[in-house]
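*Asks:* using only what follows, build the 3D model:
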Amino acid sequence: MTTIAFLNHQYLPLSEAKISPMDRGFLFGDGIYEVIPSFGGRIVGFSAHMQRMENGLRALEIENPFDRESWQRVIQSLLDKNGAHLGPSIGVYLHVSRGMEMTRNHGYSENLTPTVFAFAFRIPPSQSAHPDEVKGLHVSLAKDLRWQRCHIKSTSLLGNVLHFQEAKRDGKHESILFNHQNEITEATTSNVFIVEQGIVRTPPLDNQLLPGITRKLLIESLINENIQVEEVTISTEKLMNADEIWLTSSSKEVAPVVSVDDNLIGDGKPGPLWRKALLAYDRYKFN
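*Replies:* Modelled structure (predicted):
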């Protein structure tokens, strides 16, 4: 069955969606994107995803082409049109570029019409909280070589792609990144949490990492369940000696890490606090 996409106010088969090669999103990666998960037709974190996209568009000085109600209609329409063949677990990708102009200049015209693109795709079902049913992640550790505005969810993801591909080449699921001060920033597609002596810790938000929506919802759910959580600087040494490590993203939800550079974390299995955190997140994520 054909996947239906949305491009500039039209719904059409994904294979027929076309943009100009002069679009600044194609030439410069000049745009913002979001990936919003849904399970059983219920959207996770809609308001938080919209707020982050609005912040990113504002930072790039791109006019938001839709209000929230219009975005919600687009998302719901894509779920309705694609649910029959994609199943109950669907992600929706939203993409807004600055638009197209017929000259290639680093400087851009002020009155371009943004290009709006969205499509739906299958994502894994909600994570099982049973340790024996979960595939723990094996990750690498690498110096962060990306640009210094990682808090903006830009479509310019080449740095992330190169880090991820290096980890994949080494047989790992992900790569956790650290800055020149040996402080953890984030992973290539995820935020990072550690557990130390029963306390959950994650790096504070700044320009070095994306304000992940799953990160936000997890922190709120932990607080709601009276599980202690702190936003603090995490050194590579603390990461390697952590009792547990988790990665969070819209598709991973809360995923346990069982090794970093082939060094086992804890006993090499998902830890007990991970299960409590995932259950707390599951109870909270549709709020």
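
*Asks:* quickly list what the closest residue to Leu60 other than its chain neighbours is bridged to.
*Replies:* Of all residues not flanking Leu60 in the chain, Ile32 sits nearest, at 6.3 Å (Cβ to Cβ, 6 or more residues apart in numbering). Every C-beta, even on glycine, is put in place using the N, C-alpha and C of the backbone. Beta bridges link Ile32 to Val96, Ser154, judged by DSSP bridges.

*Asks:* quick check: Ile32 touching Ser156?
*Replies:* No: counting by Cβ atoms under 8 Å, Ile32 sits too far from Ser156 to count as a contact (10.1 Å).

*Asks:* more crowded one of these two?
*Replies:* Remark: of Ile32 and Ser156, Ile32 carries more neighbours, 26 against 15, as counted by other Cβ atoms under 10 Å.

*Asks:* ok, the more buried one - contacts?
*Replies:* By Cβ atoms under 8 Å, 6 or more residues apart in numbering, Ile32 lies in contact with Met53, Gly56, Leu57, Leu60, Ile62, His95, Val96, Ile152, Lys153, Ser154, Thr155.

*Asks:* what about 6 Å?
*Replies:* For Ile32, the contacting residues are Met53, Gly56, Leu57, Val96, Lys153, by Cβ atoms under 6 Å, 6 or more residues apart in numbering.

*Asks:* so what's the second one closest to, chain neighbours aside?
*Replies:* Read that as Gly56. Ile32 (4.0 Å).

*Asks:* do the same with the first one
*Replies:* On the basis of Cβ to Cβ, 6+ apart, the spatially nearest residue to Met53 that is not a chain neighbour turns out to be Glu34, at 4.8 Å.

*Asks:* need the contact list for the one you found.
*Replies:* Taking Cβ under 6 Å, 6+ apart as the contact definition, Glu34 lies against His49, Met53, Leu94.

*Asks:* how does it look with 7 Å?
*Replies:* For Glu34, the contacting residues are His49, Arg52, Met53, Leu94, Lys153, by Cβ atoms under 7 Å, 6 or more residues apart in numbering.

*Asks:* now restrict the residues you listed to buried residues only.
*Replies:* Taking 16 or more other Cβ atoms under 10 Å as the criterion, what is buried in these is His49, Arg52, Met53, Leu94, Lys153.

*Asks:* now do the same for the closest residue to the fourth one other than its chain neighbours: helix, strand or coil?
*Replies:* Counting by Cβ to Cβ, 6+ apart, Glu34 is the residue found nearest to Leu94 once chain neighbours are left out, at 4.5 Å. For Glu34, the reduced secondary structure class is strand; criterion used: DSSP: H, G, I helix; E, B strand; the rest coil.

*Asks:* i'd like the first residue to be 27 from this point on
*Replies:* In the new numbering, first residue 27, that becomes Glu60.

*Asks:* what separation do you get for Glu60 and Ile101?
*Replies:* 10 Å (Cβ to Cβ, to the nearest Å).

*Asks:* chain center to stretch 38-57: distance?
*Replies:* Here the centre of stretch 38-57 is set off from its chain's centre by 21 Å, with Cα atoms, centre = their mean, to the nearest Å.

*Asks:* contacts for that stretch next, please.
*Replies:* So stretch 38-57 is contacted by 28-31, 33, 121-128, 130, 134, 141, 143, 145, 180-182 (Cβ under 7 Å, 6+ apart).

*Asks:* alpha carbons only: can I get that stretch in PDB?
*Replies:* The C-alpha coordinates for stretch 38-57 follow below in PDB (Å, rounded to 0.1, in the frame of the first residue of the first chain):
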ATOM      1  CA  LEU A  38       0.000  12.700  -2.400                       C
ATOM      2  CA  PRO A  39       1.900   9.400  -2.600                       C
ATOM      3  CA  LEU A  40       5.300   9.700  -1.000                       C
ATOM      4  CA  SER A  41       7.000   8.500  -4.200                       C
ATOM      5  CA  GLU A  42       5.500  11.500  -6.100                       C
ATOM      6  CA  ALA A  43       6.600  14.200  -3.600                       C
ATOM      7  CA  LYS A  44       9.100  16.500  -5.300                       C
ATOM      8  CA  ILE A  45      10.900  19.700  -4.400                       C
ATOM      9  CA  SER A  46      13.100  22.000  -6.500                       C
ATOM     10  CA  PRO A  47      16.800  21.400  -6.300                       C
ATOM     11  CA  MET A  48      17.100  25.100  -5.600                       C
ATOM     12  CA  ASP A  49      15.200  24.700  -2.300                       C
ATOM     13  CA  ARG A  50      17.500  26.000   0.500                       C
ATOM     14  CA  GLY A  51      16.700  22.900   2.500                       C
ATOM     15  CA  PHE A  52      18.300  20.900  -0.200                       C
ATOM     16  CA  LEU A  53      21.200  23.200  -0.900                       C
ATOM     17  CA  PHE A  54      22.100  24.300   2.600                       C
ATOM     18  CA  GLY A  55      20.100  22.200   5.100                       C
ATOM     19  CA  ASP A  56      18.300  25.400   5.900                       C
ATOM     20  CA  GLY A  57      15.400  24.200   7.800                       C
END
